[in-house]
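Asker: this one's sequence-less:
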Ligand SMILES: NC(=O)c1ccc[n+]([C@@H]2O[C@H](COP(=O)([O-])OP(=O)(O)OC[C@H]3O[C@@H](n4cnc5c(N)ncnc54)[C@H](OP(=O)(O)O)[C@@H]3O)[C@@H](O)[C@H]2O)c1
């Protein structure tokens with residue numbers, strides 16, 4: 001009996017302290033941070049399921065990941081398509097129980113010009129992708145992770161959640177919602193040894209960031225961002241925010257009188273380089 005208890009305790013602690021995830025789903029893997037994270041995690045013994053809508057770009061990321069020794073599956077799925085996404089995730093989980101869910105898929109928007117308001121249809125679509133897409137992916141897999149008492153989930157917020165720039169109210173609001181959703185589920189799941197982290201980057205050099213023109217202080221490469229995110233997930237951090245000076249400034253301005261914070265934020269104006277940055281025409285779903 002004592003030996004049995006010891007074995008249980010050892011199993012529990014190895015599950016809790018196991019730093020590395022091996023069977024990983026990444027949404028938004030065809031570009032930017034998702035692609036960089038796929039390349040960061042790719043290694044022998046690792047299975048990656050890569051999701052995006054652009055199969056040609058996904059295939060390029062998959063080829064790089066296979067070259068590094070990972071087993072890779074790709075699926076062109078719109079994260080708003082709850083049924084297709086759920087079916088694919090459950091299929092992945094059946095072939096290798098998932099222990100990592102990295103939910104990068106996201107779109108941004110900025111106001112067309114200073115003083116103008118974002119297009120409301122575009123704003124609704126943005127919420128569907130950024131918040132709805134993450135929930136669509138978590139819903140079928142989180143209960144399985146909780147039952148197995150193992151798993152790590154990364155949601156993608158932004159430093160904009162703490163210091164919302166006036167140029168992209170819907171984007172900042174969707175990211176604030178993801179921070180709240182992530183922290184709430186983190187508390188809910190922690191008794192089951194499932195760790196939820198919210199990644200809050202500043203400016204990372206990706207196609208999303210280059211789609212608008214603005215001052216981009218402390219711009220970080222996508223490779224460096226992927227390393228920081230992996231380290232944060234290994235440590236089961238609640239919020240993985242970087243670069244720290246920008247995060248510190250964003251949190252600090254929350255304690256300033258609103259007028260002062262607003263004057264600082266109004267100095268940051270982002271202008272769309274080519275439209276709103278939203279992808280208006282969802283591509284054909286081919287799962
Ligand atoms: N870059 C930054 O500075 C920064 C800062 C803070 C937070 N973030 C967040 O980090 C995440 C990744 O951003 P990124 O900079 O890597 O952007 P990105 O280069 O534009 O990549 C976005 C990814 O999301 C996918 N995606 C978009 N809509 C989708 C949909 N409806 N269904 C499935 N996939 C969809 C895209 O795939 P397809 O094109 O193939 O559909 C692409 O792979 C986003 O959530 C973003 O908000 C980025």
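Answerer: Arrived safely. Because the structure is a prediction, the values reported are computed rather than measured.
Asker: Contact residues of the stretch 151-287 of the chain facing the ligand?
Answerer: 156, 158, 201, 203, 204, 206, 207, 208, 209 (Cβ under 6 Å from any ligand atom). (Glycine included, C-beta is placed from N, CA and C.)
Asker: And the buried ones among the residues you listed, selectable in PyMOL?
Answerer: Those of those that count as buried under 16 or more other Cβ atoms under 10 Å are selected in PyMOL with:
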select buried, resi 156+158+201+203+204+206+208+209
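Asker: In the protein, what helix or strand scores lowest on average pLDDT?
Answerer: Lowest mean confidence among the helices and strands of the chain (mean pLDDT, DSSP states H and E): helix 2-17, at a mean of 40.
Asker: Quick one: the helices in the stretch 101-250 of the chain, in order.
Answerer: For the stretch 101-250 of the chain, applying DSSP state H, counting those that start in this stretch gives helices covering 120-127, 133-148, 169-189, 207-210, 222-234, 244-253.
Asker: List the buried residues of the third one.
Answerer: What it means is helix 169-189. Result for helix 169-189 [16+ other Cβ under 10 Å]: buried residues 169-179, 181-183, 185-186, 189.
Asker: Run the angle between that helix and helix 120-127 for me.
Answerer: Angle, helix 169-189 to helix 120-127, by axes from the mean of the first three to the mean of the last three Cα atoms, to 10 degrees: 30 degrees.
Asker: Do you know the pLDDT at residue 210?
Answerer: Per-residue confidence (pLDDT) for residue 210: 87.
Asker: make that residue 20, sorry
Answerer: pLDDT at residue 20 comes out at 85.
Asker: Just give the closest residue to it, not the sequence neighbours.
Answerer: In space, and not counting its chain neighbours, residue 20 is closest to residue 234: 7.1 Å by Cβ to Cβ, 6 or more residues apart in numbering.
Asker: What about that neighbour, how many residues nearby?
Answerer: For residue 234, the neighbour count with other Cβ atoms under 10 Å is 13.
Asker: What separation do you get for it and the ligand?
Answerer: As judged by Cβ to the nearest ligand atom, to the nearest Å, residue 234 and the ligand stand 19 Å apart.
Asker: can I assume that residue is in contact with residue 100?
Answerer: No. Residue 234 lies out of contact with residue 100 (Cβ atoms under 8 Å); the separation is 10.8 Å.
Asker: ok, now which ones touch the single nearest residue of the stretch 101-250 of the chain relative to the ligand?
Answerer: For the stretch 101-250 of the chain, the residue closest to the ligand is residue 106, as judged by Cβ to the nearest ligand atom, at 2.3 Å. Residue 106 makes contact with 28, 129, 130, 133, 156, 174, 208, according to Cβ atoms under 8 Å, 6 or more residues apart in numbering.
Asker: how many other residues sit next to the closest residue to the second one other than its chain neighbours?
Answerer: Spatially, and ignoring its direct neighbours in sequence, residue 129 is nearest to residue 107 (5.1 Å; Cβ to Cβ, 6+ apart). Burial of residue 107 is recorded as 21 neighbouring residues (other Cβ under 10 Å).
Asker: Surely residue 130 touches residue 172?
Answerer: No. Using Cβ under 8 Å, residue 130 is not in contact with residue 172, being 10.6 Å away.
Asker: how far away is the closest residue to residue 163 other than its chain neighbours from residue 241?
Answerer: Once flanking residues are discounted, residue 163 sits nearest to residue 250: 3.8 Å by Cβ to Cβ, 6+ apart. Counting by Cβ to Cβ, to the nearest Å, the gap from residue 250 to residue 241 is 8 Å.
Asker: same check, this time on residue 136
Answerer: 25 Å.
Asker: now do residue 180
Answerer: Distance from residue 180 to residue 241, by Cβ to Cβ: 15 Å.
Asker: Residue 36: which element?
Answerer: helix 32-41 (DSSP states H and E).
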